[in-house]
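Visitor: below: sequence and its predicted model.
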Amino acid sequence: MADAHGSRAADRPAREAPLRQLLRAGTRAPHEALDARLAGLAAAPTPHLYLRFLAMNHAAHAGMEPILRASALGDLSGTLTPLLAEDLSAMGQGELPVPPFKLGEPDAAEAAGLLYVLEGSRLGARYILLELRRSGAAARWPSLSTSYLEAAAARGPETVAERIERAAQSEPERRRALDAAVLAFAHFSALLDRAETEVRP
C-alpha cells in the first residue's frame, strides 16, 4: 500500500504541490549559488564576509520590505532593516545604496514569491547565528553586532508560511509567484556583487 500511495503522489500534477515546494524547486539553482558564495560564514567566518552579508541583506530588505508592506499581502513579517543598519553602524561599515526592485507594485501572488525569499533569508540567519556562536566569533571580534541575526532567529514563520500558500492558488498565480522569487534571488545576488566590491577588508 505504501508503494501504491507513493506512486499516486508522484503522479500528481505539479500544480497540486504546495506552493513552497514549487518555489523551493524552482529557485534551487540561484539559492544554492548564493549560499555557496556565503559558505564561509559557516566554515570559517570572518568579519569581512559577515559585513558583506549584512550589507547585502540591508540593501535587499530596505528595498523589498516597503514593497511588501504596500502589497495585497500587507505587512506580514515586520521590518528588520533598522536592525541591519544598527549592525552595520556598530561594526563601522556604511550601507550600500538601495537600488529599486524590479517589481514595484507586485500583486498578491508576486508578493508571496518575494516573501518566500525574504523569509528564507531570515531562516538562514538562525543557522549563521549558531555558527558564529560556535566559532567564538564574539571573543575574536570585539565589534561584532548580531541584532539582525538574533531577531530573525527568534521569529516564528508559521503564519507567514500559511499566507504564502494562500496567496497563489491558480496556475498563473503560482507561476507569477515563482517568477518573483527568481527575481528576488537575482536581486540578492546582484547586491552581493556590489558588497564584494565596496566592502573591503
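Guide: Happy to help now that I have it.
Visitor: okay, CA-based contacts and neighbour counts for the rest of this
Guide: Noted.
Visitor: from residue 139, how far off is the residue sitting nearest the centre point of the chain?
Guide: With distances taken as C-alpha atoms, centre = their mean, residue 121 lies nearest the centre of the chain, 2.6 Å away. Going from residue 121 to residue 139 by C-alpha to C-alpha, to the nearest Å gives 26 Å.
Visitor: swap in residue 81?
Guide: From residue 81 to residue 139 the distance is 26 Å (C-alpha to C-alpha).
Visitor: which of the two has more neighbours?
Guide: With neighbours defined as other C-alpha atoms under 10 Å, residue 81 and residue 139 compare such that residue 81 has more, 19 against 10.
Visitor: which residues does that one contact?
Guide: 58, 61, 62 (C-alpha atoms under 8 Å, 6 or more residues apart in numbering).
Visitor: nearest to residue 29, of those residues?
Guide: residue 61 (21.5 Å; C-alpha to C-alpha).
Visitor: per-residue confidence at the closest one?
Guide: If you check residue 61, the pLDDT there is 95.
Visitor: phi first, then psi, for it.
Guide: Backbone geometry at residue 61, expressed as degrees, to the nearest 10, gives phi -60, psi -40.
Visitor: wouldn't it be in contact with residue 80 here?
Guide: Yes. Shown here, residue 61 and residue 80 form a contact pair, counting by C-alpha atoms under 8 Å, at 7.3 Å.
Visitor: quick check: residue 135 vs residue 144, distance?
Guide: 13 Å.
Visitor: typed the wrong thing, it's residue 38
Guide: 17 Å.
Visitor: secondary structure class of residue 97, three-state.
Guide: Using DSSP: H, G, I helix; E, B strand; the rest coil, the structure places residue 97 in coil.
Visitor: now for it: which residues touch it?
Guide: Counting by C-alpha under 8 Å, 6+ apart, residue 97 touches residue 59.
Visitor: check contacts around residue 91.
Guide: Contacts of residue 91 (C-alpha under 8 Å, 6+ apart): 143, 144, 145.
Visitor: tell me, how many residues neighbour the second one?
Guide: As a burial measure, the neighbour count of residue 144 was computed by other C-alpha under 10 Å and equals 18.
Visitor: same thing with the last one?
Guide: Around residue 145 there are 19 other residues, counting by other C-alpha under 10 Å.
Visitor: kindly state the pLDDT recorded for the residue nearest to it when sequence neighbours are not counted?
Guide: Nearest residue to residue 145 in three dimensions, chain neighbours excluded: residue 87, at 5.0 Å (C-alpha to C-alpha, 6 or more residues apart in numbering). At residue 87, the model reports a pLDDT of 98.
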